[in-house]
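Undergrad: Sequence and predicted structure, then a few things I'm wondering about:
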Amino acid sequence: MQGGRVEERSAGAVLFYNDNGVRKYLLLKHRRGHWDLPKGNIEPGEDPIETAERELIEETGIRKFKFYDGYREVIEYYYRRRGGILVHKRVIFFLVEALSNDVKISSEHVDYKWVDYSSALELATFRNTKRLINRAESFLSRAK
Ligand code: ATP
């Protein structure tokens, strides 16, 4: 469809782990090379928080989490699918504490790292991902 665009809706999480008092964020290396947060498309009938939890389990193998109330951030971007179709994507992020750091990645990813705040800002490929992590760090610093 010329001039048309496809809409995608995903949900994901800024996932952190308390590593002996040091907060570490999880970044996943995508097959295509970028470092990103766990996320995935919202399936029909799913609440975004359910999507985030399902994707966390699928993409990290971790099963025990604590979701934080009061953090809900949305990012939007455009990309082109092979063939040229323009996609407008909206992703809602939750803030989640992992109660284990034992990660088993899925086939979508090729590597993972638990990194402290400043390293997470450096490693994350996209500016909007860095912003999500920055907001998470501020939220958690205030929550103390
Ligand atoms: P998922 O199933 O996790 O939503 P996906 O691989 O289908 O993943 P994206 O991760 O959205 O989809 O990647 C699609 C395209 O968008 C890629 O070209 C990627 O480089 C780009 N992209 C991914 N995340 C961002 C972002 N936060 N900001 C801008 N562009 C991004």
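TA: Happy to help now that I have it.
Undergrad: Asn113: what's it in contact with?
TA: Not quite, residue 113 is Lys, not Asn. Leu26, Leu27, Lys29, Trp35, Ser119, Leu123 (Cβ atoms under 8 Å, 6 or more residues apart in numbering). Glycine gets a C-beta too; all of them are placed from N, C-alpha and C.
Undergrad: just checking, it is part of a strand?
TA: Yes - the assignment for Lys113 is a strand, going by DSSP: H, G, I helix; E, B strand; the rest coil.
Undergrad: And the pLDDT for it?
TA: What the model reports as pLDDT for Lys113 is 98.
Undergrad: Can you check the pLDDT for the residue nearest to the spatial centre of the chain?
TA: Closest to where the C-alpha atoms of the chain average out (Cα atoms, centre = their mean) is Leu37, at 2.9 Å. According to the prediction, Leu37 has pLDDT 98.
Undergrad: No more questions from me, cheers.
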